[in-house]
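Chemist: for reference, the sequence and a predicted model appear below.
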Amino acid sequence: MIGESELIINDDGSVFHLHIRPEELADDIILVGDPGRVDMISGYLDDKEFRRQSREFVTVTGKYRGKRLTVLSTGIGTDNIDIVMNELDALANIDFRTREIKQDRKSLNILRIGTSGAVQPDIPIGSFVFSHISVGCDGLMNWYAGRDSISIADMEEAFKKHTGWARHLPDPYFVKAGPEMISRFEDCTVRGMTIAAPGFYGPQGRVLRMPLAMPDMLDTFGSFRYGDWRITNFEMEGSAIAGIAAHLGHNAGTVCCIIANRYLKSSNPDYKPHVRRLVELALGKLTA
């Protein structure tokens, strides 16, 4: 039995942060960072059941082409993903009446749709990268037992050696996306190995007024090779999604629209049409 302090259930029967009840969650879930993007995506849905907001977490459940979907905003960062993924799993796999884990576990389909910056010159702005492998530089999964069981150990060690990984940084972890989710997107996206950074500026090699601990980080990351794998892009949430999903048995992945190329130092502030194309692609893949 899970204690009240460990799984906080609100008076209305909803989970603590997300404020949604188990019966309100669909089995297919789209995660976005920006709360405003929930409203854009939910504009494609019919039979919307509700719209609820709690802090940065905005949730809508409805149907697309007859299939029930939940769209949820996470805000920015893997710390928020730790909240979202654990509460989604609790909604699906813990009985809120008895506070016991259900005997029949449900596997959710979870897709993050985001924006990203490429680190390779041949990945153009406006393209879509699906993170076959997410590289967690955030340290989140190191707080959970069994992190070595989900990380690709040889790739992790090769990356640390190549980059001269500093001892004061958390050990990176390399996690594969869910194989079912990979299969849905491998014919229409760039195959990605994506860095999930714990910040937007220094952790992604941006310099404003503070110098970097790894001044050559972009070049070092971009030159890493492991077989035919290479680092393709930066974002800020995918590693925690992939890592927690792998632990808990969910089918998850991250697909991002490239809105900047860090290698070429170019960006496109008018990226919303590209994101809308990605949303339409993802809705079709999730409901096929």
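Modeler: Arrived safely.
Chemist: just give me the residue closest to the centre of this structure.
Modeler: Centrality entry for the chain: nearest residue to the mean C-alpha point is Gly238, 3.0 Å, by C-alpha atoms, centre = their mean.
Chemist: Ile2: neighbouring residues, count only.
Modeler: Close neighbours of Ile2, defined as other C-beta atoms under 10 Å, add up to 15. Any C-beta I mention is one placed from the backbone N, CA and C, and that applies to glycine too.
Chemist: same deal with Asp12?
Modeler: In terms of burial, Asp12 registers 8 neighbours under the definition other C-beta under 10 Å.
Chemist: next: the one 10 residues further on.
Modeler: Residues within reach of Pro22, counting by other C-beta under 10 Å, total 16.
Chemist: tell me the secondary structure at the closest residue to it other than its chain neighbours.
Modeler: When the adjacent residues along the chain are set aside, Pro22 lies closest to Leu91, with 4.8 Å between them (C-beta to C-beta, 6 or more residues apart in numbering). Secondary structure for Leu91, judged by DSSP: H, G, I helix; E, B strand; the rest coil, is helix.
Chemist: ok, now which ones touch Ile259?
Modeler: Ile259 is in contact with 115-117, 125, 267-268, 271, 274, counting by C-beta atoms under 8 Å, 6 or more residues apart in numbering.
Chemist: tell me how far stretch 172-187 is from the chain's mean position?
Modeler: 11 Å (C-alpha atoms, centre = their mean, to the nearest Å).
Chemist: farthest-apart pair in the contacts of Ile259, please.
Modeler: In these, the most distant members under the criterion C-beta to C-beta are Gly117 and His274, with 13.4 Å between them.
Chemist: more neighbours, those two?
Modeler: Neighbours per residue (other C-beta under 10 Å) separate Gly117 from His274, with Gly117 holding more: 25 against 18.
Chemist: that one looks like it's in a strand, true?
Modeler: Yes - with three-state DSSP as the criterion, Gly117 is part of a strand.
Chemist: and for the closest residue to Asp95 other than its chain neighbours, the neighbour number?
Modeler: Using C-beta to C-beta, 6+ apart and skipping residues adjacent in sequence, the residue nearest Asp95 is Lys102, 5.7 Å away. Other residues within reach of Lys102, judged by other C-beta under 10 Å, total 11.
Chemist: list the contacts of Lys102.
Modeler: If you count contacts by C-beta under 8 Å, 6+ apart, Lys102 has them with 93-95.
Chemist: quick check: the gap between the residue lying farthest from the centre of the chain and Met1.
Modeler: Ranking residues of the chain by C-alpha distance from their mean position (C-alpha atoms, centre = their mean) puts Thr98 at the top, at 30.3 Å. Here the criterion is C-beta to C-beta, to the nearest Å. By it, Thr98 lies 7 Å from Met1.
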